[in-house]
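Engineer: Give me a model of this one.
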Amino acid sequence: MKRLRRIAKLVLLVIGWLLLTANALVFNNTTGWGLFLFYSGFLLVTLLSAAPSLKRVQLKTASVHYGQAGQVFTLPVEIKARRFWLPFFQVSLREDYAQGQQFFFYHGQKLQLHFPLVLNQRGRFEKPPLVLSGGDLFGMILKEQTRRLPSTLYVLPKEDSQGKKIGRKVQQQLTNQLFGEVLPQIKGYREYRFGDSRRQVDWKISARQRSLTIREQEVGQEIRPILLFWGQEGPDFEVALSRYYSMQKELPLGTPQYLLGQTVQLVETERLFAEFTGFTEVPTTPTWKNQDLLVFYPKMDAQLQGKVTEWRKQNRVTLYPLIEDKPSTSSSAHHGKQVMP
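Structural biologist: Okay, the predicted model is just below:
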(Lines give C-alpha, C1' and ligand atoms only; values in the text may rest on other atoms or scores of the structure.)
Protein backbone atom coordinates (compact mmCIF):
# COMPACT_ATOMS: atom_id res chain seq x y z
CA MET A 1 0.00 0.00 0.00
CA LYS A 2 2.77 2.44 0.88
CA ARG A 3 4.62 1.62 -2.30
CA LEU A 4 1.49 2.22 -4.36
CA ARG A 5 1.04 5.63 -2.74
CA ARG A 6 4.63 6.58 -3.54
CA ILE A 7 4.20 5.46 -7.16
CA ALA A 8 0.96 7.47 -7.39
CA LYS A 9 2.77 10.60 -6.14
CA LEU A 10 5.50 10.20 -8.76
CA VAL A 11 2.92 9.70 -11.49
CA LEU A 12 1.13 12.87 -10.42
CA LEU A 13 4.43 14.80 -10.48
CA VAL A 14 5.15 13.62 -14.01
CA ILE A 15 1.60 14.35 -15.21
CA GLY A 16 1.80 17.83 -13.70
CA TRP A 17 5.10 18.51 -15.46
CA LEU A 18 3.71 17.25 -18.80
CA LEU A 19 0.62 19.46 -18.47
CA LEU A 20 2.70 22.56 -17.73
CA THR A 21 5.01 21.74 -20.61
CA ALA A 22 2.06 21.41 -23.00
CA ASN A 23 0.55 24.65 -21.67
CA ALA A 24 3.81 26.56 -22.26
CA LEU A 25 4.20 25.19 -25.78
CA VAL A 26 0.57 25.76 -26.83
CA PHE A 27 0.04 29.27 -25.43
CA ASN A 28 3.69 30.36 -25.58
CA ASN A 29 3.31 33.23 -23.10
CA THR A 30 5.32 34.55 -20.15
CA THR A 31 2.97 33.10 -17.52
CA GLY A 32 3.04 29.61 -19.02
CA TRP A 33 6.81 29.49 -19.33
CA GLY A 34 7.22 30.93 -15.83
CA LEU A 35 5.08 28.17 -14.32
CA PHE A 36 6.97 25.58 -16.36
CA LEU A 37 10.37 26.79 -15.15
CA PHE A 38 9.23 27.05 -11.51
CA TYR A 39 7.75 23.56 -11.52
CA SER A 40 10.76 22.09 -13.29
CA GLY A 41 13.08 23.65 -10.71
CA PHE A 42 10.94 22.35 -7.85
CA LEU A 43 10.94 18.88 -9.40
CA LEU A 44 14.72 18.94 -9.91
CA VAL A 45 15.41 20.02 -6.32
CA THR A 46 13.06 17.32 -5.02
CA LEU A 47 14.81 14.61 -7.04
CA LEU A 48 18.31 15.76 -6.07
CA SER A 49 17.48 16.05 -2.36
CA ALA A 50 16.35 12.42 -2.27
CA ALA A 51 19.31 11.12 -4.29
CA PRO A 52 21.76 9.99 -1.49
CA SER A 53 21.71 6.22 -0.97
CA LEU A 54 20.61 4.81 2.37
CA LYS A 55 23.39 2.23 2.03
CA ARG A 56 25.83 4.87 3.25
CA VAL A 57 24.24 4.87 6.70
CA GLN A 58 26.26 2.78 9.17
CA LEU A 59 24.60 1.08 12.15
CA LYS A 60 26.37 -0.04 15.30
CA THR A 61 25.18 -1.76 18.47
CA ALA A 62 26.46 -4.30 21.01
CA SER A 63 26.72 -7.88 19.76
CA VAL A 64 24.68 -9.22 22.73
CA HIS A 65 21.79 -7.70 24.65
CA TYR A 66 19.82 -9.08 27.62
CA GLY A 67 16.23 -8.30 28.48
CA GLN A 68 13.49 -9.85 30.61
CA ALA A 69 10.07 -10.99 29.46
CA GLY A 70 7.24 -8.76 30.60
CA GLN A 71 9.44 -5.67 30.80
CA VAL A 72 10.44 -2.83 28.48
CA PHE A 73 13.93 -3.10 27.04
CA THR A 74 15.74 -0.15 25.46
CA LEU A 75 17.80 -1.08 22.41
CA PRO A 76 20.72 1.36 21.86
CA VAL A 77 21.83 2.00 18.26
CA GLU A 78 24.54 4.32 16.93
CA ILE A 79 24.15 5.70 13.39
CA LYS A 80 26.46 7.75 11.19
CA ALA A 81 27.13 8.27 7.49
CA ARG A 82 29.72 9.81 5.16
CA ARG A 83 28.90 12.18 2.28
CA PHE A 84 25.24 11.96 3.12
CA TRP A 85 22.46 14.53 3.29
CA LEU A 86 18.69 14.14 3.33
CA PRO A 87 15.99 16.75 4.04
CA PHE A 88 13.96 14.07 5.83
CA PHE A 89 15.38 10.96 7.52
CA GLN A 90 13.77 8.39 9.82
CA VAL A 91 14.94 5.30 11.70
CA SER A 92 12.33 2.84 12.94
CA LEU A 93 12.02 -0.62 14.41
CA ARG A 94 8.67 -1.20 12.77
CA GLU A 95 7.44 -0.71 9.24
CA ASP A 96 4.45 1.34 10.39
CA TYR A 97 6.92 3.83 11.95
CA ALA A 98 5.17 3.71 15.34
CA GLN A 99 8.61 3.52 17.01
CA GLY A 100 10.40 5.78 14.51
CA GLN A 101 12.74 8.69 15.24
CA GLN A 102 12.69 11.52 12.68
CA PHE A 103 15.40 13.99 11.68
CA PHE A 104 15.32 16.95 9.30
CA PHE A 105 18.30 17.89 7.18
CA TYR A 106 20.37 14.99 8.45
CA HIS A 107 23.95 15.24 7.15
CA GLY A 108 25.49 12.03 8.51
CA GLN A 109 26.50 13.15 12.00
CA LYS A 110 26.91 10.46 14.70
CA LEU A 111 23.71 9.93 16.69
CA GLN A 112 22.90 7.71 19.68
CA LEU A 113 19.36 6.37 19.32
CA HIS A 114 17.32 4.35 21.82
CA PHE A 115 14.34 2.22 20.87
CA PRO A 116 11.96 0.86 23.55
CA LEU A 117 10.89 -2.75 23.06
CA VAL A 118 8.15 -4.57 24.96
CA LEU A 119 9.44 -8.11 25.45
CA ASN A 120 6.46 -10.47 25.55
CA GLN A 121 8.16 -13.80 24.91
CA ARG A 122 11.21 -15.58 26.31
CA GLY A 123 13.81 -16.71 23.81
CA ARG A 124 16.76 -15.77 21.63
CA PHE A 125 16.21 -13.31 18.81
CA GLU A 126 18.84 -12.89 16.12
CA LYS A 127 19.50 -9.73 14.11
CA PRO A 128 16.51 -7.48 14.92
CA PRO A 129 15.33 -5.48 11.87
CA LEU A 130 15.72 -1.72 11.57
CA VAL A 131 13.91 0.30 8.90
CA LEU A 132 15.67 3.33 7.38
CA SER A 133 13.59 5.77 5.33
CA GLY A 134 14.24 9.17 3.83
CA GLY A 135 13.26 11.61 1.11
CA ASP A 136 12.29 15.18 0.41
CA LEU A 137 10.55 17.50 2.84
CA PHE A 138 7.21 17.28 1.06
CA GLY A 139 6.99 13.50 1.04
CA MET A 140 6.83 13.36 -2.74
CA ILE A 141 9.72 10.94 -2.94
CA LEU A 142 10.31 8.48 -0.11
CA LYS A 143 12.62 5.50 -0.11
CA GLU A 144 13.24 2.94 2.58
CA GLN A 145 15.55 0.08 3.39
CA THR A 146 15.36 -2.72 5.97
CA ARG A 147 18.63 -3.53 7.68
CA ARG A 148 19.47 -6.29 10.16
CA LEU A 149 21.42 -5.30 13.24
CA PRO A 150 24.46 -7.57 13.91
CA SER A 151 23.21 -8.38 17.40
CA THR A 152 21.51 -11.10 19.43
CA LEU A 153 18.84 -10.33 22.01
CA TYR A 154 18.39 -12.83 24.85
CA VAL A 155 15.02 -12.51 26.57
CA LEU A 156 15.13 -14.10 30.02
CA PRO A 157 12.11 -15.53 31.90
CA LYS A 158 9.62 -13.24 33.61
CA GLU A 159 10.16 -12.10 37.15
CA ASP A 160 8.02 -14.14 39.54
CA SER A 161 7.24 -12.98 43.08
CA GLN A 162 6.32 -16.49 44.24
CA GLY A 163 9.69 -17.71 42.98
CA LYS A 164 11.45 -15.09 45.09
CA LYS A 165 9.59 -16.28 48.16
CA ILE A 166 10.63 -19.86 47.46
CA GLY A 167 14.21 -18.68 46.99
CA ARG A 168 14.30 -16.94 50.35
CA LYS A 169 12.86 -20.04 52.01
CA VAL A 170 15.42 -22.30 50.36
CA GLN A 171 18.22 -19.94 51.31
CA GLN A 172 17.13 -20.07 54.95
CA GLN A 173 17.03 -23.87 54.87
CA LEU A 174 20.48 -24.05 53.31
CA THR A 175 21.87 -21.74 55.94
CA ASN A 176 20.33 -23.68 58.81
CA GLN A 177 20.67 -27.26 57.63
CA LEU A 178 22.45 -28.08 54.42
CA PHE A 179 24.86 -25.47 53.19
CA GLY A 180 28.47 -26.50 53.73
CA GLU A 181 27.60 -29.69 55.61
CA VAL A 182 30.12 -32.53 55.56
CA LEU A 183 28.50 -35.86 54.67
CA PRO A 184 30.02 -39.29 55.36
CA GLN A 185 30.98 -41.40 52.38
CA ILE A 186 30.96 -45.21 52.26
CA LYS A 187 34.51 -46.56 52.03
CA GLY A 188 33.62 -50.24 51.99
CA TYR A 189 32.04 -53.16 53.85
CA ARG A 190 33.38 -55.69 56.37
CA GLU A 191 32.15 -58.22 58.90
CA TYR A 192 30.83 -57.05 62.23
CA ARG A 193 33.32 -56.96 65.09
CA PHE A 194 32.70 -56.70 68.78
CA GLY A 195 32.40 -53.05 69.77
CA ASP A 196 31.17 -51.82 66.36
CA SER A 197 28.15 -49.55 66.45
CA ARG A 198 24.93 -51.14 65.30
CA ARG A 199 24.16 -47.94 63.40
CA GLN A 200 26.83 -48.99 60.90
CA VAL A 201 25.16 -52.34 60.18
CA ASP A 202 23.86 -52.68 56.61
CA TRP A 203 20.84 -54.89 57.26
CA LYS A 204 20.08 -55.62 53.60
CA ILE A 205 23.56 -56.94 52.86
CA SER A 206 23.62 -58.76 56.20
CA ALA A 207 20.38 -60.55 55.28
CA ARG A 208 21.77 -61.65 51.92
CA GLN A 209 25.08 -62.87 53.39
CA ARG A 210 23.48 -64.21 56.55
CA SER A 211 26.11 -62.49 58.70
CA LEU A 212 26.33 -59.06 60.19
CA THR A 213 28.02 -56.65 57.77
CA ILE A 214 28.82 -53.05 58.58
CA ARG A 215 29.54 -50.02 56.42
CA GLU A 216 32.98 -48.45 56.80
CA GLN A 217 32.62 -44.71 56.39
CA GLU A 218 35.11 -41.96 55.85
CA VAL A 219 34.61 -38.22 56.25
CA GLY A 220 33.75 -36.68 52.91
CA GLN A 221 34.66 -33.29 51.58
CA GLU A 222 32.54 -30.28 52.36
CA ILE A 223 29.90 -30.15 49.66
CA ARG A 224 27.40 -27.63 48.37
CA PRO A 225 23.86 -28.35 47.24
CA ILE A 226 23.19 -28.94 43.55
CA LEU A 227 20.04 -27.36 42.12
CA LEU A 228 18.11 -29.30 39.49
CA PHE A 229 15.24 -27.89 37.42
CA TRP A 230 12.96 -30.62 36.08
CA GLY A 231 12.06 -29.08 32.70
CA GLN A 232 9.27 -31.32 31.49
CA GLU A 233 7.15 -29.79 28.74
CA GLY A 234 3.57 -29.02 29.70
CA PRO A 235 1.06 -26.23 30.24
CA ASP A 236 2.93 -25.04 33.36
CA PHE A 237 6.42 -25.17 31.86
CA GLU A 238 6.96 -21.42 31.29
CA VAL A 239 5.47 -20.50 34.67
CA ALA A 240 7.67 -23.06 36.42
CA LEU A 241 10.78 -21.85 34.57
CA SER A 242 10.06 -18.21 35.47
CA ARG A 243 9.52 -19.22 39.08
CA TYR A 244 12.74 -21.22 39.19
CA TYR A 245 14.69 -18.39 37.52
CA SER A 246 13.48 -15.88 40.12
CA MET A 247 14.12 -18.40 42.90
CA GLN A 248 17.75 -19.13 42.02
CA LYS A 249 18.60 -15.42 41.90
CA GLU A 250 17.92 -15.30 45.64
CA LEU A 251 20.62 -17.92 46.33
CA PRO A 252 24.38 -17.35 46.66
CA LEU A 253 26.27 -16.83 43.41
CA GLY A 254 28.10 -19.90 42.21
CA THR A 255 25.59 -22.44 43.52
CA PRO A 256 25.85 -25.35 41.03
CA GLN A 257 22.67 -25.89 39.07
CA TYR A 258 21.51 -27.95 36.12
CA LEU A 259 18.60 -27.43 33.74
CA LEU A 260 17.13 -30.80 32.77
CA GLY A 261 15.57 -30.29 29.35
CA GLN A 262 16.13 -31.72 25.89
CA THR A 263 19.76 -31.66 26.98
CA VAL A 264 21.16 -31.50 30.51
CA GLN A 265 22.97 -28.17 30.87
CA LEU A 266 25.16 -26.87 33.67
CA VAL A 267 24.19 -23.22 34.14
CA GLU A 268 27.28 -21.10 33.53
CA THR A 269 25.61 -18.08 31.93
CA GLU A 270 22.14 -16.54 32.11
CA ARG A 271 21.59 -16.90 28.38
CA LEU A 272 20.80 -20.59 28.97
CA PHE A 273 17.52 -19.52 30.59
CA ALA A 274 16.55 -17.73 27.35
CA GLU A 275 17.45 -20.67 25.09
CA PHE A 276 16.26 -23.50 27.36
CA THR A 277 13.69 -25.93 25.95
CA GLY A 278 11.86 -28.58 27.92
CA PHE A 279 11.85 -32.32 27.30
CA THR A 280 9.17 -34.81 26.35
CA GLU A 281 11.41 -37.83 26.94
CA VAL A 282 13.38 -38.02 30.17
CA PRO A 283 17.02 -37.08 29.46
CA THR A 284 20.06 -38.98 30.66
CA THR A 285 21.42 -37.24 33.72
CA PRO A 286 24.94 -37.29 35.24
CA THR A 287 25.70 -39.85 37.93
CA TRP A 288 25.71 -37.93 41.19
CA LYS A 289 27.02 -39.59 44.33
CA ASN A 290 26.85 -38.42 47.95
CA GLN A 291 25.40 -35.06 46.96
CA ASP A 292 22.59 -32.85 48.19
CA LEU A 293 20.20 -32.65 45.24
CA LEU A 294 17.54 -29.93 45.44
CA VAL A 295 14.99 -30.75 42.75
CA PHE A 296 12.53 -28.10 41.58
CA TYR A 297 9.65 -29.33 39.44
CA PRO A 298 6.25 -28.22 38.06
CA LYS A 299 4.25 -31.29 39.12
CA MET A 300 5.06 -34.77 40.38
CA ASP A 301 4.49 -37.66 37.96
CA ALA A 302 5.71 -41.21 37.42
CA GLN A 303 8.74 -40.14 35.38
CA LEU A 304 10.01 -37.77 38.05
CA GLN A 305 9.25 -40.28 40.79
CA GLY A 306 11.38 -42.84 38.96
CA LYS A 307 14.30 -40.41 38.74
CA VAL A 308 13.95 -39.50 42.41
CA THR A 309 14.12 -43.19 43.32
CA GLU A 310 17.29 -43.53 41.24
CA TRP A 311 18.97 -40.45 42.75
CA ARG A 312 17.90 -41.44 46.26
CA LYS A 313 20.10 -44.53 46.18
CA GLN A 314 23.31 -42.53 46.45
CA ASN A 315 22.26 -39.00 47.34
CA ARG A 316 20.18 -36.93 49.69
CA VAL A 317 17.23 -35.54 47.75
CA THR A 318 14.99 -32.58 48.56
CA LEU A 319 11.98 -31.81 46.37
CA TYR A 320 10.35 -28.42 45.87
CA PRO A 321 7.12 -28.06 43.86
CA LEU A 322 7.02 -24.80 41.89
CA ILE A 323 3.33 -24.75 40.95
CA GLU A 324 1.43 -26.08 43.95
CA ASP A 325 0.78 -23.36 46.52
CA LYS A 326 0.13 -25.76 49.39
CA PRO A 327 2.28 -28.91 49.50
CA SER A 328 0.49 -32.21 49.76
CA THR A 329 1.13 -34.20 52.93
CA SER A 330 0.56 -37.55 51.24
CA SER A 331 4.28 -38.15 50.59
CA SER A 332 7.04 -37.24 52.98
CA ALA A 333 9.57 -37.40 50.15
CA HIS A 334 8.10 -34.32 48.49
CA HIS A 335 7.80 -30.61 49.10
CA GLY A 336 11.14 -29.59 50.54
CA LYS A 337 11.73 -32.56 52.86
CA GLN A 338 14.97 -34.47 52.79
CA VAL A 339 15.19 -37.98 51.40
CA MET A 340 18.23 -39.83 52.69
CA PRO A 341 19.94 -42.49 50.62
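Engineer: What is the three-state secondary structure of T31?
Structural biologist: helix (DSSP: H, G, I helix; E, B strand; the rest coil).
Engineer: so what's it up against?
Structural biologist: The contact partners of T31, taken as Cβ atoms under 8 Å, 6 or more residues apart in numbering, number zero. C-beta: built from backbone N, CA, C; applies to glycine.
Engineer: Quickly note the distance from it to Y39.
Structural biologist: 13 Å (Cβ to Cβ, to the nearest Å).
Engineer: buried stuff in the longest helix that the chain contains?
Structural biologist: With DSSP state H setting the assignment, residue counts place helix 2-27 as the longest helix in the chain. Buried residues in helix 2-27, counted by 16 or more other Cβ atoms under 10 Å: 6, 13, 20-21, 23-24.
Engineer: Return the closest of these with respect to S92.
Structural biologist: Closest approach to S92 among these (Cβ to Cβ): R6, at 16.3 Å.
Engineer: Kindly state the pLDDT recorded for the closest one?
Structural biologist: Note on R6: pLDDT of 64.
Engineer: wait, isn't H65 in contact with P150?
Structural biologist: No - in this structure, H65 is not within contact of P150 by Cβ atoms under 8 Å, at 11.6 Å.
Engineer: With neighbour numbers in mind, choose between those two.
Structural biologist: Using other Cβ atoms under 10 Å as the criterion, H65 and P150 rank with H65 on top: 19 against 12.
Engineer: Helix, strand, or coil at that one?
Structural biologist: Applying three-state DSSP: H65 is strand.
Engineer: bridging residues for it?
Structural biologist: L153 (DSSP bridges).
Engineer: F125 too?
Structural biologist: L153.
Engineer: residues contacting it?
Structural biologist: With contact taken as Cβ under 8 Å, 6+ apart, F125 is in contact with 152-155.
Engineer: Among these, find me the one that's closest to F115.
Structural biologist: F115 lies nearest to L153 out of the contacts of F125, by Cβ to Cβ, at 11.5 Å.
Engineer: Just list the residues touching Q291, thanks.
Structural biologist: Taking Cβ under 8 Å, 6+ apart, we find Q291 in contact with 223, 225-226, 315-316.
Engineer: Buried among the residues you listed? Make that a ChimeraX selection.
Structural biologist: Entered in ChimeraX, the line below selects the buried ones among those, by 16+ other Cβ under 10 Å:
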select :223,225,226,315,316
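Engineer: So which of the contacts of Q291 sit within helices?
Structural biologist: Reading helices off the contacts of Q291, I find no matches (DSSP H).
Engineer: Just name the lowest-scoring one in the contacts of Q291, pLDDT-wise.
Structural biologist: I223 (61).
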